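[1] take this sequence and fold it.
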Amino acid sequence: MKKQILVADSYRPLYKQLMQKLRGDIAAGVYPINSRIPSEQELCETYRVSRVTVRKALTELTQEGLLKRHQGKGTFVSIPKLCKDLKDVNSFHDACRMMGCVPDTRVIHAQMVRAEEEDVRELLCGEGEQAVEIVRLRLADNVPVMLEVNRFPARYAFLLEEDLTRSLYAILEEHDIEAVQALHEIALCYAGPSQAKHLGVNPGDALLSLREVIYDQHHQPLHTSRQSIRGDRFTFRI
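    Presented below is the predicted three-dimensional model:
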């Protein structure tokens, strides 16, 4: 590898510069997923920096989940995790594209159902009314990531006529409806038989559970969402 000298007098610390270069090489495919990156000594020689600088860069990239270390074998490129920023309301499609993954959606079912107590409380549905239930499996690069159950008030029944493999938020925006705020609850749960089947995990495996109530631009309840998520493929930023 051609030697590259980092800028010692830059306002950015050397280890941050090295992190940026390694991220760029990984994104460009120089180091594919599961491949081994150069050793600490090789990185020291390539970038003409100290072992302390290299170790700090590798430690932070490992903490971010971009790299993984195997004792006695070296440091390898991890399968990237999707990251959802809970400060923003964005779609799964957006999260995938921001991480360079290809999103896909499989509709399990979409139908009108009787409103439950939480629908009355959170969506302001009337007693005895119906709600729109949309259950979908979300995939990134053909790998199952989450199983989601979305419920909308009955006035959103038009969604049942749409292509639900698309982003729901993109469909709603076409009807001048915008998701602008969310309340979140995160917990640990365990895969039941149906969740395990759809997500490609074993029954009883630990999953992340995300409950959300989403509000529109008029501060009215838009929908609720229950997501069962593979923690090895998804993370949250708060």
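[2] identify the residue spatially nearest to Glu127, adjacent ones excluded.
    Once flanking residues are discounted, Glu127 sits nearest to Val120: 6.3 Å by Cβ to Cβ, 6 or more residues apart in numbering. To be clear about C-beta, it is placed using only N, CA and C from the backbone, and glycine gets the same treatment.
[3] quick one, strands of the protein?
    Using DSSP state E, the strands found in the chain span residues 67-70, 74-77, 82-85, 103-114, 130-140, 143-153, 179-190, 206-216, 221-229, 234-237.
[4] reformat these as JSON lines; add mean neighbour count, mean pLDDT and distance to Leu199.
    Listed next are those as JSON lines, based on neighbours: other Cβ atoms under 10 Å; pLDDT from 0 to 100; distance: least, Cβ to Cβ, whole Å:
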{"stretch": "strand 67-70", "mean neighbour count": "14", "mean pLDDT": "89", "distance to Leu199": "21"}
{"stretch": "strand 74-77", "mean neighbour count": "17", "mean pLDDT": "92", "distance to Leu199": "23"}
{"stretch": "strand 82-85", "mean neighbour count": "18", "mean pLDDT": "64", "distance to Leu199": "14"}
{"stretch": "strand 103-114", "mean neighbour count": "14", "mean pLDDT": "95", "distance to Leu199": "12"}
{"stretch": "strand 130-140", "mean neighbour count": "21", "mean pLDDT": "95", "distance to Leu199": "8"}
{"stretch": "strand 143-153", "mean neighbour count": "21", "mean pLDDT": "94", "distance to Leu199": "5"}
{"stretch": "strand 179-190", "mean neighbour count": "13", "mean pLDDT": "91", "distance to Leu199": "12"}
{"stretch": "strand 206-216", "mean neighbour count": "18", "mean pLDDT": "93", "distance to Leu199": "7"}
{"stretch": "strand 221-229", "mean neighbour count": "21", "mean pLDDT": "95", "distance to Leu199": "7"}
{"stretch": "strand 234-237", "mean neighbour count": "15", "mean pLDDT": "66", "distance to Leu199": "11"}
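[5] out of those, the one nearest Tyr47 is which?
    strand 74-77 (15.0 Å; Cβ to Cβ).
[6] list of residues touching stretch 63-78?
    Outside stretch 63-78, the residues that touch it by Cβ atoms under 8 Å, 6 or more residues apart in numbering are 22-23, 26, 31-37, 39, 58, 61-62, 80-81, 235.
[7] among those residues, which lie within helices?
    Members of those lying in helices (criterion: DSSP state H): Leu22, Arg23, Ile26, Leu58, Leu61, Thr62.
[8] please tell me how far the closest residue to the last one other than its chain neighbours sits from Cys101.
    In other words, Thr62. Counting by Cβ to Cβ, 6+ apart, the nearest residue to Thr62 once its immediate chain neighbours are dropped is Arg69, at 6.0 Å. Using Cβ to Cβ, to the nearest Å, Arg69 is found at 23 Å from Cys101.
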